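# take a look and give me a structure for this.
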Amino acid sequence: MRGRKPKPEGLSTRRPRRREGGPVAKLPPCPAHLQGEARKEWFRIGHQLVSYGLMTEVDKAALAAYCQAWARWVEAEEQVGKFGTVIKSPNGFPVQSPYLPIANRAMEQMMRLLVEFGMSPSSRSRVTVQPQPPEPARGAVEPPEPAEDPRRLLRAVQ
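Purely as a prediction, here's the structure:
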């Protein structure tokens, strides 16, 4: 996005213009390739995005990429915590941990995708999606269709 990032809605001097309508918020099924930490993140963040009206069926690939980056970041951070940011090479010289660039790259990917979903203060003011309509309760009976006007039927017969 070019130009200055917009301020969050609470700090703005006027409310941003939002488009009405748009796709219905819905969490698509979790992709089969997401496992472990990525799968947990799919459901954790996915349900929050749906409740805010920010997740639709077409966002599946972007959310999957975010969840995969999240899982890589968590794993790399665990390894950095275990071995430290600097390790000794076979020659005995201190070198940067190979997990540190992995963690940094995954964090950069996550941050870019967070902005796409409106999960940063400035990007939240630009995102608009229609919230998901409430689902009818199980066993609920649909209301009957309104009956046709009998006068109209009589006119058609005549």
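
# list the contacts for the nearest residue to Gln68 once chain neighbours are set aside?
Closest residue in space to Gln68, ignoring its immediate chain neighbours: Ala38 at 5.2 Å, by Cβ to Cβ, 6 or more residues apart in numbering. In short, each C-beta sits where N, CA and C put it, glycine included. Contacts of Ala38 were listed using Cβ atoms under 8 Å, 6 or more residues apart in numbering, and they are Ala64, Cys67, Gln68, Trp70, Ala71.

# secondary structure element for the third one, which one?
Following DSSP states H and E, the helix or strand that holds Gln68 is helix 60-83.

# look at Trp126 and report its pLDDT.
I think there's a mix-up here, since residue 126 is Arg and not Trp. Looking at Arg126, its pLDDT reads 70.

# now swap in Gly22 and tell me
For Gly22, the predicted pLDDT is 63.

# cool, the one 4 residues further on as well?
Looking at Lys26, its pLDDT is 81.

# what sits against it?
Contacts for Lys26 were tallied using Cβ under 8 Å, 6+ apart; they are Val50, Met55, Thr56, Glu57, Gln132.

# what about the residue lying closest to the fourth one once chain neighbours are set aside, how many residues nearby?
Pointing back at Glu57 there. Taking Cβ to Cβ, 6+ apart, and ignoring the residues beside it in sequence, Glu57 has Pro28 as its nearest neighbour in space, at 5.0 Å. One way to gauge burial is a neighbour count; for Pro28, by other Cβ atoms under 10 Å, it gives 17.

# got it, and Arg2?
Neighbouring residues of Arg2 were enumerated by other Cβ under 10 Å; the total is 3.

# would you mind measuring the gap between the ends of stretch 28-39?
Across its full length, stretch 28-39 reaches 13 Å between end residues, using Cα to Cα, to the nearest Å.

# then stretch 116-125?
Counting by Cα to Cα, the terminal residues of stretch 116-125 are separated by 12 Å.

# circling back: three-state assignment of the residue nearest to Gln68?
Assigned state for Ala38: helix (three-state reduction, DSSP: H, G, I helix; E, B strand; the rest coil).

# re earlier: Met107 versus the residue nearest to Glu57, what's the distance?
Taking Cβ to Cβ, to the nearest Å as the measure, Pro28 and Met107 are separated by 25 Å.

# against Trp70, how distant is Gly46?
12 Å.

# much appreciated, bye for now.
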